[in-house]
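>>> Just a sequence and a predicted model for now, questions to come.
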Amino acid sequence: MNLETQKRMAADILDVGENRVWIDPDRTAEVSTAITRQDVRGLIEDGAIRAKSKKSISRSKARQRQEQKKKGRQSGPGTRKGGKKGKKSRKEEWIGKVRPLRRKLREFRDEGKIDSSLYRDLYRKVKGGAFRSKAHLETYLKKRGILEEEE
């Protein structure tokens, strides 16, 4: 039994592709007698013809991946795209280094461990990138005898 015409009409009426048109296999004889679009509409109302639901891509894998990323997984070098500094820009790294150093300098000045002229000098050195970290700054000051070494 050839139901191509009915299928084509049903697809047009239901506004779906021909592959999504489902015809009840028990009622094929009834469907084959439908000649006009009106007949096909009647069969759609009866439930002999209907549109199959759209197939879509599952999000379950994406959800699992997101869950793992929340835990800090799946962020190794094989996942990263972009340059060496793609994860944290040079500027962000600089900010992360300079702000604590400046905070430490302010702390030393306010506690009276260094005077304002030395503070200014060290501030400029920090801006010039002379110190890697707070520990490096403290080592520098202890070596110069500005800070007393604690035991």
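Yes, it's here.

>>> residue contacts, Arg50?
Counting by C-beta atoms under 8 Å, 6 or more residues apart in numbering, Arg50 makes contact with Leu14, Val21, Trp22, Ile44. To be clear about C-beta, it is placed using only N, CA and C from the backbone, and glycine gets the same treatment.

>>> Quick one: buried ones out of those residues?
Taking 16 or more other C-beta atoms under 10 Å as the criterion, what is buried in those is Leu14, Val21, Ile44.

>>> JSON lines please, covering these and showing secondary structure.
Shown next, in JSON lines, are the buried ones among the contacts of Arg50 (DSSP: H, G, I helix; E, B strand; the rest coil):
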{"residue": "Leu14", "secondary structure": "helix"}
{"residue": "Val21", "secondary structure": "strand"}
{"residue": "Ile44", "secondary structure": "helix"}
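
>>> Dump the residues you listed to JSON lines, plus pLDDT and distance to Ile35.
Shown next, in JSON lines, are those (pLDDT from 0 to 100; distance: C-beta to C-beta, whole Å):
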{"residue": "Leu14", "pLDDT": "95", "distance to Ile35": "18"}
{"residue": "Val21", "pLDDT": "96", "distance to Ile35": "17"}
{"residue": "Ile44", "pLDDT": "95", "distance to Ile35": "15"}
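
>>> would a markdown table of those residues with distance to Thr36 be doable?
Converted to a markdown table, those look like this (distance: C-beta to C-beta, whole Å):
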| residue | distance to Thr36 |
| --- | --- |
| Leu14 | 16 |
| Val21 | 17 |
| Ile44 | 13 |
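
>>> what's the burial count for Lys104?
For Lys104, the count of nearby residues is 19 (other C-beta atoms under 10 Å).

>>> Can you classify it by secondary structure?
Here Lys104 is recorded as helix under three-state DSSP.

>>> State the pLDDT value of Lys150.
If you look again at residue 150, you'll see it is Glu, not Lys. Reading off the confidence values, Glu150 has pLDDT 65.

>>> Surely Gly96 is within a helix?
Yes - membership of Gly96 in a helix is supported by three-state DSSP.

>>> Next one: Asp15 from Lys143, what distance?
To Lys143, Asp15 is 81 Å away according to C-beta to C-beta, to the nearest Å.

>>> about what we covered before: nearest to Ile95, out of the buried ones among the contacts of Arg50: which one, please.
Checking those against Ile95 by C-beta to C-beta gives Leu14 as the nearest, at 58.5 Å.
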